[in-house]
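K.L.:
I'd like to go over a predicted model; first the sequence, then the structure.
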Amino acid sequence: MTATDTHPVEGDTTKPLQTAPAAILDNFNGSSALKSAGHVIVDSLMAHGVERTFVVPGESFLDVLDGLHGSDIETVVCRHEGGAAYMAEADGKLNQRPGVAMVTRGPGAANAHVGLHTAWQDSTPMLLFVGLIPFAHRDREAFQEFDIKAWFDTGAKRVMVLDHPERASEIVAEAMFAAMSGRPGPVVVGLPEDIIRAQIDPALHPPIPVAGGGMSRTDAGALAEALAQARKPLFVTGGNDWTQEAAVELTRWLEKHHIPAAAEWRTQGTVSFDSPSYVGPIGYGRPRPTYDLLEETDLLVFVGTFPGDVITDGFVCRQDWNKKNFLVSIDPSLRGRSGPVSRQILAKPEAFVRDLVDIDLPIKEEWKAWTARMRAEQQSFASLPPSTPGDGPAKMDTLMANLVPLLPEDALVTFGAGEHTNWAHRYFPTRRYASMISARNGSMGYSVPSAIAASLASPERRVVTIAGDGEFLMNGQELATAAQYGATPLIIVMDNQEYGTIRTHQERHYPSRVSGTQLKNPDFGMMARAFGGFGIKVTEDKDVPAALEDALAAIDQDGVFALVHLVVEQRVRAY
């Protein structure tokens, strides 16, 4: 039996935490020799099932680095704290436990803040360990001193400082629990460099179970009644708190009842791209049909997400208090929601789906017609453009038309922010949960780090990232990390020589007054080769298929990452 084994009890809504085998805990807890607090932190992370940590080293947490030496946790050394934090955040999206980053005090912590903000707005479980000045130097304006709670308190679920070394394992357990319980999010743990060197009893604090909630009988009755009365019901899935099993069960139930489901912006794949119930994404730049859905439907069921700013197009859509909205969330505060709330069901997606599948409803012909209409519009929207190249400059349409047929069933796409992401929204076949990893807070620089994290977590999967030219250079140096640790993503850089999204807003509000949005770029293919991967620059559309074929061959045959630098025309959009 492992530490994840539980004896199921009817009505139990506790979600077991993925941990190391019980033998590991027994070995640690049976030891009588003292260990440093830093080493105990590493032991505790191992006991919680952490497989890797993303770090930029600093002298402030050398004892933790020493504990990682020889441990079962892979230490991924990154080139910038922002890249390390993004990798940890992406790792948290991909797994049923928090991603872990480690950075040093002052400047290191400041650089990592961007990943923390992403985790906060995206509700991603993440731990950020920050080395601190010695306890004895506190409040003396010591080198790189800062107030960790003042910096992070408004953007993290909890900020904890290890001031008592004997609590090292307890704080890891509390941080893990805080990151995963309720609405998931980031937790910051400060590690004073003298405290983590103190020798302590190495006994470990056990993992704290995370409650998943569930539908009560009255919840189930209310939902069944609302569905029975609805002519045009719609589910909207989102968030990072799903399992693949729950995604499959929800899809099966929706298809059985001919009920449609849309995906929250940048979270496609919970209901498969190929499912007859999947009707497209809802968010910025959405196609018009799915925007109209929110007003046309007479019952909305949000699972794992809320009708927030992005979904409601700036708190405009779906604000009529007479509308019916069921919100399925484990967060009782419903932080971030807008518009009417007909009922909240306090449950994580997995627990909700477990109870949902017991609801069996008569199928209405109008549900079939409603779902079929929206599904046809989605299929038309996602229909690939011609794969035969045309004359003139390279085109993203040609690249996607040639790439998509080559993708395996479990292919995964990542991206940051910009108009280049819309080609993935429109065409990329997301067929399972965690097949679209992105920054829903609109954070740039996320593409390459997230692709590296995804490739390391799932080396057997085809990982693709689509980056814009402006976005790519914000963390392109992490290609060095990909080369060092054998990550093999396919990186598409769409180079339109501008910050495209900002230019679009600029043309809307200040037409023909281009200012602050134009870029001059290097040869990104040459840059990729310098880092040890495959790289190619493509300027003509006729060269796109061969370049893509060579890039995939480099990944599969040479075991390296590959980058296709696609130089395209300005002002060309996916839709």
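P.N.:
Ah, there it is. Everything numeric in this text was worked out from a predicted model, so none of it was measured. Numbers count the residues shown, from 1 in each chain.

K.L.:
you'd agree residue 75 is up against residue 55?
P.N.:
Yes - applying Cβ atoms under 8 Å as the test, residue 75 and residue 55 come out as touching, 6.0 Å apart. Every C-beta, even on glycine, is put in place using the N, C-alpha and C of the backbone.

K.L.:
out of the two, which sits in the more crowded spot?
P.N.:
residue 55 (25 against 17; other Cβ atoms under 10 Å).

K.L.:
ok, for that one, nearest residue in space, not its chain neighbours?
P.N.:
residue 102 (4.2 Å; Cβ to Cβ, 6 or more residues apart in numbering).

K.L.:
same question, residue 400
P.N.:
Per Cβ to Cβ, 6+ apart, closest to residue 400 is residue 427, 4.5 Å.

K.L.:
what's near enough to touch residue 525?
P.N.:
535-537, 563-565 (Cβ atoms under 8 Å, 6 or more residues apart in numbering).

K.L.:
correction: residue 496
P.N.:
Shown in contact with residue 496 (Cβ under 8 Å, 6+ apart): 420, 468-469, 568-572.

K.L.:
rerun at 6 Å
P.N.:
Going by Cβ atoms under 6 Å, 6 or more residues apart in numbering, residue 496 touches 568, 570.

K.L.:
Next: residue 462.
P.N.:
Listed by Cβ under 6 Å, 6+ apart, the contact set of residue 462 reads 407-408, 411.

K.L.:
Repeat that for residue 542.
P.N.:
residue 389.

K.L.:
what stretches of the stretch 1-150 of the chain score poorly on pLDDT?
P.N.:
1-32 (pLDDT under 70).

K.L.:
Using the three-state scheme, assign residue 432.
P.N.:
coil (DSSP: H, G, I helix; E, B strand; the rest coil).

K.L.:
ignore the last one, residue 318
P.N.:
Per three-state DSSP, residue 318 ends up coil.

K.L.:
give the contact list for it.
P.N.:
Counted by Cβ under 6 Å, 6+ apart, residue 318 has contacts 294, 307, 312, 339.

K.L.:
top of these by neighbour count?
P.N.:
residue 307 (26 neighbours).

K.L.:
so residue 105 sits in a helix?
P.N.:
No - counting by three-state DSSP, one finds residue 105 to be coil, located in no helix.

K.L.:
Send me stretch 153-162 as CSV with only the CA atoms.
P.N.:
Output in CSV follows, covering the C-alpha atoms of stretch 153-162 (Å, rounded to 0.1, in the frame of the first residue of the first chain):
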residue,chain,number,x,y,z
ASP,A,153,0.6,38.8,0.4
THR,A,154,-1.9,40.2,-2.1
GLY,A,155,-0.9,37.8,-4.9
ALA,A,156,-0.6,34.5,-3.1
LYS,A,157,-2.9,32.3,-1.1
ARG,A,158,-0.4,32.2,1.8
VAL,A,159,3.0,33.6,2.6
MET,A,160,4.9,31.7,5.2
VAL,A,161,8.4,32.2,6.7
LEU,A,162,10.4,29.3,8.3
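
K.L.:
So which bits of it are buried?
P.N.:
Residues 155-162 are the ones in stretch 153-162 that count as buried (16 or more other Cβ atoms under 10 Å).

K.L.:
Also stretch 563-575?
P.N.:
563-568, 574.
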